[in-house]
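[1] Generate a structure from the sequence data that follows.
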Amino acid sequence: MWVHVSKDYDVVKIMKSMLECATRKVCKLSHEDVIRNQFEVVLNKKFLLVLDDVWNEAPHDWDDFKLLFRLAHPGSRVIVTTRSTTVSSIVTSNGDILCLDILSHDHCWGIIKHGLRTNVEQRPDLKEIGVKLAEKCKGVPLVAKVIGDYLHIKSDQREWDSLLNCDLLNLAADDNNLYNVLKLSYDHLPADLKRCFTYCSVIPHCQRVKVQDLIQMWAAQGFIQAQGARRIDEIGMEYLLVSANFCLCVDDMSRFLNVSSTVRHVCLLYQVDDSEVLADLFKKCCTYKKLRTFMLVSDLVQPPRGLLESELFEKFFQSFHLLRVLDLSGSGIRRLSNSVGNNTCLHYLNLCGTRIKVLPEGVGNLIGLETFNLLDGPSIVEWPSNFEKLTKLRHLYYNKQGNGNMPRALGKLTRLETLHTFVVKSEEGYEIEELKDMNCLCGSILIRGLENVKDFHKAKAALLENKKFLDKLELQWAQQREPTDETMNVDKEVLRGLKPHNRLTELEIKAYHGASLPDLLGNASCKLEKLVIDSCVELRFRAALSLYHCP
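    Now for the predicted structure:
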């Protein structure tokens, strides 16, 4: 088990990280007693634990931490890595300390070469400069990594010479302050990448953020633009890989990014159950008229009672006209104020984990909205009647299960890339033909309620063959149906009309009443890797089923 501790020393968080390493699942437990009980189960097996980059120098904290392992399985070991000699003397009682030597020039050169696209063995001019750069690393691997990342795609000798002569690389061998080196690499980033990277400073150090969420926030701020046929998410992933070279090196990058003192991004972290204090914080935020990002982050299991009422947000929504990112995930609010519609610049709205069941009509006025997240909460029972106005929406997340409704006339949102569930009804605005022009859909989609599609032509009108970016398709009929000759024939014709493109990798068919499967993907160019047939009680035969490229 490997746990990165850094300066944020917290025993409960360390235990949760260990549980995640041992189970390979996200630990959602919040009560310390429950976490400790689960932690003791982990201790029943022999383990190797690495606590990486430890800074805590308080002896009593380590005494308490060692008590956790009193029931550890015999033979288990704990390795602590640290840059502090004080920590190393505290955590061990027998002097079992291994001091690592600095790297050799050859090792540093190897790290630099690992990050290069150019074959330096065929470029003696660059190799000569590279060896000298390795000497300037003074045996510090982080410096070598940053140099390699900086030179990743550079093949011009002048650029290598410029780096060699840079004063920022004149480090002493014992210099632990590497911010100058990282600053050098940051300064050479393109302007759009600099903005993306600087934006990461609004996220609390202890807060986990999903990759997709971060990319969508960047897009909401206008930091990422589509380039021809390339999707914004693809470009954002490339940006993230570059930013990761920084984020994985140092925890607090804002020390050298020279963030503007103008308050444009606010992250409100609340940890006390005090509604009056929270209200004061909101009032203070309302003075920042140019606010662009608002994120509400909580470590509480139960949010403050006052926060569950939307009155706190009424003035908040009326105060900002430049807000682009609004993240209220996990806040527990029950009602969203209609005045949210005043924020017409809003591009990203995250209500994940809230208790909202009814969305106000004001949501339909957010004509610039690109990402809308409603996962991990109750199903929405009432959507705005004007939801179809959100024509710029690219990502819509809402619960697959439950008795909730789906927005009407989704077919007008032709830019949608993420739509995990489409529920077919016989009513206008919910028919399967709504999918006709939604050719930007990618990833996976579940199409439910297929019992409401009555013939081949209706199914064919969805044009699933044109959804070239879909990897996974789930087709589902109602489970509680009595099979008849009519349903068997209709289901077969409907399934025939729902033929997807031949690059699909996963296909699931559930509660289908046909006696046989039509030839959905029966050709040599088929990329199908997984086929699931579930609860198809009338399925009797299949003349031929050929699967290709299935490792």
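[2] do you know how far residue 90 is from residue 97?
    11 Å (CB to CB, to the nearest Å). Using the backbone N, CA and C atoms, a C-beta is placed for each residue, glycine as well.
[3] isn't residue 317 right up against residue 346?
    No: the criterion here is CB atoms under 8 Å, and residue 317 misses it with residue 346 at 9.7 Å.
[4] Common neighbours of these two, please.
    residue 340 (CB atoms under 8 Å, 6 or more residues apart in numbering).
[5] ok, these two, which is more surrounded?
    residue 346 (27 against 21; other CB atoms under 10 Å).
[6] For that one, grab phi and psi.
    phi -60, psi 130 (degrees, to the nearest 10).
[7] Skip the chain neighbours and tell me the closest residue to it.
    Leaving aside its sequence neighbours, residue 346 sits nearest to residue 366 (CB to CB, 6 or more residues apart in numbering; 5.1 Å).
[8] what residue of the chain is the furthest out?
    residue 485 (46.6 Å; CA atoms, centre = their mean).
[9] Relative to residue 538, how far out is that one?
    Residue 485 is 10 Å from residue 538, by CB to CB.
[10] one step back: the more surrounded of residue 90 and residue 97?
    residue 90 (19 against 12).
[11] Read off the pLDDT value for the residue nearest to residue 346.
    Looking at residue 366, its pLDDT stands at 94.
[12] How about residue 181?
    At residue 181, the predicted lDDT confidence score is 57.
[13] Same check on residue 301?
    So, for residue 301, pLDDT stands at 48.
[14] from now on call the first residue 554
    Taking 554 as the first residue, the last one we looked at is residue 854.
[15] What residues does residue 640 make contact with?
    Applying CB under 8 Å, 6+ apart to residue 640 gives the contacts 607, 608, 609, 610, 633.
[16] Is the first one bridged to anything, and to what?
    Per DSSP bridges, the residues bridged to residue 607 are residue 559, residue 635.
[17] Please report how far it lies from residue 643.
    Applying CB to CB to residue 607 and residue 643 gives a distance of 10 Å.
[18] what do you get for the second one?
    Applying CB to CB, one obtains 11 Å for the distance of residue 608 from residue 643.
[19] how about the contacts of residue 640, which pair is most distant?
    610 and 633 (12.4 Å; CB to CB).
[20] Show me where the stretch 704-853 of the chain dips below the pLDDT cut-off.
    Of all residues in the stretch 704-853 of the chain, those with pLDDT under 70 make up the ranges 706, 719-743, 757-761, 782, 793-836, 850-853.
[21] same check, this time on the stretch 854-1003 of the chain
    Ranges of the stretch 854-1003 of the chain meeting pLDDT under 70: 854-868, 883, 953-957.
[22] domains of the chain?
    Domain assignment of the chain by automatic domain parsing yields the ranges 555-644, 658-740, 744-808, 976-1104.
[23] Output the ones you listed as TSV; include the columns distance to residue 941.
    As requested, the domains of the chain are exported to TSV (distance: least, CB to CB, whole Å):
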stretch	distance to residue 941
domain 555-644	35
domain 658-740	43
domain 744-808	21
domain 976-1104	8
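[24] Dead centre of the protein: give me the residue that sits there.
    For the chain, the residue lying nearest the average C-alpha position, counting by CA atoms, centre = their mean, turns out to be residue 763 (2.2 Å).
[25] quick one: residue 557 is in a strand?
    Yes: assignment of residue 557 by DSSP: H, G, I helix; E, B strand; the rest coil places it within a strand.
[26] Work out for me the element residue 1084 sits within.
    For residue 1084, the host element (DSSP states H and E) is strand 1083-1087.
[27] right, I mislabeled it, should have said residue 1090
    Counting by DSSP H and E, residue 1090 is part of no helix or strand.
[28] I figured it hits residue 1036, correct?
    Yes: using CB under 8 Å, residue 1090 makes contact with residue 1036 at a distance of 6.7 Å.
[29] Now the common contact residues for those two.
    Residues touching both residue 1090 and residue 1036 (CB under 8 Å, 6+ apart): residue 1066.
[30] rewinding a little: so for the strand holding residue 1084, mean pLDDT?
    Here the average pLDDT along strand 1083-1087 is 88.
[31] Please name the residues that touch residue 766.
    Contacts of residue 766 (CB under 8 Å, 6+ apart): 903, 926.
[32] Distance of the nearest residue to residue 1032 once chain neighbours are set aside relative to residue 1004?
    Nearest non-adjacent residue to residue 1032, counting by CB to CB, 6+ apart: residue 1064, 5.0 Å away. Taking CB to CB as the measure, residue 1064 falls 8 Å from residue 1004.
[33] again with residue 687
    When distance is defined by CB to CB, residue 687 is 68 Å away from residue 1004.
[34] picking that back up, what residues do residue 608 and residue 643 have in common as contacts?
    By CB under 8 Å, 6+ apart, no residue touches both residue 608 and residue 643.
[35] Pull out the buried residues from the helix or strand encompassing residue 661.
    Using DSSP H and E, residue 661 falls within helix 658-667. Going by neighbour count (16 or more other CB atoms under 10 Å), the buried part of helix 658-667 is 658, 661, 662, 664, 665, 666.
[36] which ones are touching the closest residue to the fourth one other than its chain neighbours?
    By that I understand residue 664. Nearest residue to residue 664 in three dimensions, chain neighbours excluded: residue 697, at 3.9 Å (CB to CB, 6+ apart). Going by CB under 8 Å, 6+ apart, residue 697 touches 656, 660, 661, 662, 664, 665, 687, 690.
[37] Now with 6 Å, please.
    If a contact means CB atoms under 6 Å, 6 or more residues apart in numbering, then residue 697 has 661, 664, 665, 690 as its contacts.
[38] Give me the pLDDT value at it.
    If you check residue 697, the pLDDT there is 84.
[39] Compute the first-to-last residue distance for stretch 960-971.
    14 Å (CA to CA, to the nearest Å).
[40] what's it in contact with?
    For stretch 960-971, contacts defined as CB under 6 Å, 6+ apart pick out 936, 940, 941, 946, 947, 948, 982, 987, 990, 991, 993, 995.
[41] Give me the buried positions along it.
    960, 961, 963, 964, 965, 966, 969, 970, 971.
[42] okay, the residues you listed in JSON lines with secondary structure next?
    Putting the buried residues of stretch 960-971 into JSON lines (three-state DSSP) gives the following:
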{"residue": "960", "secondary structure": "coil"}
{"residue": "961", "secondary structure": "coil"}
{"residue": "963", "secondary structure": "helix"}
{"residue": "964", "secondary structure": "helix"}
{"residue": "965", "secondary structure": "helix"}
{"residue": "966", "secondary structure": "coil"}
{"residue": "969", "secondary structure": "coil"}
{"residue": "970", "secondary structure": "coil"}
{"residue": "971", "secondary structure": "strand"}
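[43] Most widely separated two among these?
    961 and 970 (20.0 Å).
[44] residues of stretch 682-691 that come out buried?
    Of the residues in stretch 682-691, those buried (16+ other CB under 10 Å) are 682, 683, 686, 687, 689, 690, 691.
[45] actually stretch 1035-1050, sorry about that
    1040, 1041, 1043, 1044, 1045, 1046, 1047, 1048, 1049, 1050.
[46] same check, this time on stretch 937-951
    Of the residues in stretch 937-951, 937, 939, 940, 941, 942, 943, 946, 947, 948, 949, 950, 951 count as buried by neighbour count, 16+ other CB under 10 Å.
[47] same check, this time on stretch 990-997
    For stretch 990-997, by 16+ other CB under 10 Å, it's 991, 992, 993, 994, 995, 997.
[48] which residues touch it?
    967, 968, 969, 970, 972, 1019, 1020, 1022, 1023, 1025.
[49] give me that answer again for 10 Å
    Under the criterion CB atoms under 10 Å, 6 or more residues apart in numbering, residues 784, 786, 947-948, 963-975, 988, 998, 1015-1027, 1058-1059, 1061 lie in contact with stretch 990-997.
[50] Out of these, list just those in strands.
    Among the contacts of stretch 990-997, the members falling in strands (DSSP state E) are 948, 971-972, 974-975, 998, 1022-1027, 1059, 1061.
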